[in-house]
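Chemist: Sharing a model that was predicted from the sequence below.
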Amino acid sequence: MRFTKDHEWVEVDGDVATIGITAYAAEQLGDVVFVETPDVGKTVKAGDGFAVVESVKAASDVYAPISGEVVAANAALSDAPETVNAAPEAAGWFAKVKLANPAEVDALMDRHAYEEYLATL
Amino acid sequence: MSAPTEGPLKTTPLHAAHIAAGARMVPFAGYDMPVQYPEGVLKEHLWCREHAGLFDVSHMGQARLRGVAPLSAFEEMVPGDFIGLKPGRQKYSVLLNRAGGIVDDLMAGRPDDDGLFVVVNGACKDNDFAVIAEELGGQVKIERLENRALLALQGPEAAAVMGDLCPAVAGMVFMDVRALAGFGTDLIVSRSGYTGEDGYEISMPAAEAARIWTALTADPRVKPIGLGARDSLRLEAGLPLYGHDLDETVSPVEGDLTFAINKNRREQRDFPGAARIIKELAEGPTRIRVALRVVEGAPAREGAEIADAAGAVIGIVTSGGYSPILKGGIALGFVGPAHAAVGTRLKVIVRGKAQAAEVVKAPFVPHRYVRKL
């Protein structure tokens, strides 16, 4: 699993990346009450807002950590947005994206580097 | 008014208690205030609806108006009947500018024989008290009560908690206010609040606040509640928030606060902006605050446009969010009179998407005020 400074995670399987928000992000947001996932077929660029996660208090953008075409979205989150809090780095995934540029993944932090980054916040 | 953005943040007498409780602190109205405690906004919200929530609202402005006929002097700034206000009662009102716009909303009451006790919004208090002082003239003086803290205890178990810990509140009903002895000190207690629940607002000497906070939070029925849930609770109760749903351009008729314009004052027409307000009462305002249930999609938040069924923009959301009780989006906003009737189907535009919404009767969650014992 790889991580961004905006607290998204990426898990690559073949040429498809599963994307979600980290446990740290989920804890900071508090109880998630609504998730807007991207439409399947949409092309996203690394750094673009591609999903929205809402707590009682506020809406927050989720940025695409890598570029590519959205091939799946986690429909279960519309009925059970609390999954993002319960299992942010597993069942609470947001979308799967077919990698346009696999080298983008290598530029992301590994878990050790991400944890070191969290320690600076 | 928006919160002051310059200068160091002020703190309430309970600042250390919030930190010790693990609160996440944010700047609000010039103060460093708890937005949530470790359990989070959703659980705090539900706890207050089911048990009793304790809020530090010491950032709000407290003052006394004293002198010759303070009630009639105060009446000149507001549309409510305060000369007729009975001892032991308080009333919600709005401070008006000369154009009939709302300078702030407030509570004013008679807890004792010592003039009028006024509580205003924290973000507005410096301006409010300056405006009031200027309007009062020489016979009545305003004294800010800077050395007093204010707590709110809200929820269906608030009355039982106060019955055990502060028995002098016995016999009080909604909108009663009393100066009384409780928690070993002198208090001003009203049976009112900003959540739609039964509850109390308790003014106390600042030096006693931490001790009273500890005594209340030691009760297993009571948990501290931050500003996040304070906002979602007041929104479910359909209560407007000054600086968002109300401002200097909004009249009490536009703000759907006509209950605060008393009958004798309508006849006397002697409050600021009376010409505009009487005209709006007779002919209807050009815009009015409504309650909207967002039927599908994301919650609509402040600034979201409101459109008619054909897609034309006809209004704006002034506060909105997620209702933990209704498990969906709710909002307050302004629309023209043609779109204000309960049942009108509208759209809210959230991130470019038009989502179905419907004008509903406020409150979203029924009030549970105790009006008689």
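Modeler: Arrived safely.
Chemist: Around chain B, pick out the residues from chain A.
Modeler: A:Gly30, A:Asp31, A:Val33, A:Phe34, A:Glu36, A:Val52, A:Glu54, A:Ser55, A:Val56, A:Lys57, A:Ala58, A:Ala59 (Cβ under 8 Å from any Cβ of the partner chain). The way it works is simple: take the backbone N, C-alpha and C, and place the C-beta from them, glycine included.
Chemist: From B:Ala338, how far off is B:Asp114?
Modeler: In this structure, B:Asp114 and B:Ala338 are 49 Å apart, going by Cβ to Cβ, to the nearest Å.
Chemist: just the residues of chain A next to chain B: which has the poorest pLDDT?
Modeler: Lowest in pLDDT among these is A:Lys57, which has 89.
Chemist: which residue sits closest to the residue sitting nearest the centre point of chain A, ignoring its sequence neighbours?
Modeler: Nearest residue to the geometric centre of chain A (Cα atoms, centre = their mean): A:Gly20, 2.5 Å. Spatially, and ignoring its direct neighbours in sequence, A:Gly20 is nearest to A:Trp93 (4.2 Å; Cβ to Cβ, 6 or more residues apart in numbering or on different chains).
Chemist: And B:Ala291, by the same measure?
Modeler: Among residues not flanking B:Ala291 along the chain, B:Ala362 sits closest, at 4.0 Å (Cβ to Cβ, 6+ apart).
Chemist: Then A:Ala95?
Modeler: Using Cβ to Cβ, 6+ apart, the closest residue to A:Ala95 is A:Ala73 (4.8 Å).
Chemist: Please report how far the residue of chain A most remote from its centre lies from chain B.
Modeler: Distance to the chain centre peaks in chain A at A:Thr120, reaching 21.1 Å (criterion: Cα atoms, centre = their mean). Using Cβ to the nearest Cβ, to the nearest Å, one gets 19 Å for the distance from A:Thr120 to chain B.
Chemist: Wasn't B:Ile316 part of a strand?
Modeler: Yes. With DSSP: H, G, I helix; E, B strand; the rest coil as the criterion, B:Ile316 is located in a strand.
Chemist: I figured it hits B:Ile306, correct?
Modeler: Yes. Between B:Ile316 and B:Ile306 a contact is recorded at 6.2 Å, counting by Cβ atoms under 8 Å.
Chemist: Now the common contact residues for the two.
Modeler: Residues touching both B:Ile316 and B:Ile306 (Cβ atoms under 8 Å, 6 or more residues apart in numbering or on different chains): B:Gly333.
Chemist: Between those two, tell me which one has more neighbours.
Modeler: B:Ile306 (24 against 18; other Cβ atoms under 10 Å in any protein chain shown).
Chemist: residues contacting the more buried one?
Modeler: Contacts of B:Ile306 (Cβ under 8 Å, 6+ apart): B:292, B:313-317, B:333, B:335, B:339, B:346-349, B:357.
Chemist: The spatially closest residue to it that is not a sequence neighbour and B:Val348: what is the separation?
Modeler: Excluding its sequence neighbours, the residue lying closest to B:Ile306 (Cβ to Cβ, 6+ apart) is B:Gly315, at 3.7 Å. Distance, B:Gly315 to B:Val348, using Cβ to Cβ: 9 Å.
Chemist: any common contacting residues for the two?
Modeler: What both B:Gly315 and B:Val348 touch, as defined by Cβ under 8 Å, 6+ apart, is the set B:Glu305, B:Ile306.
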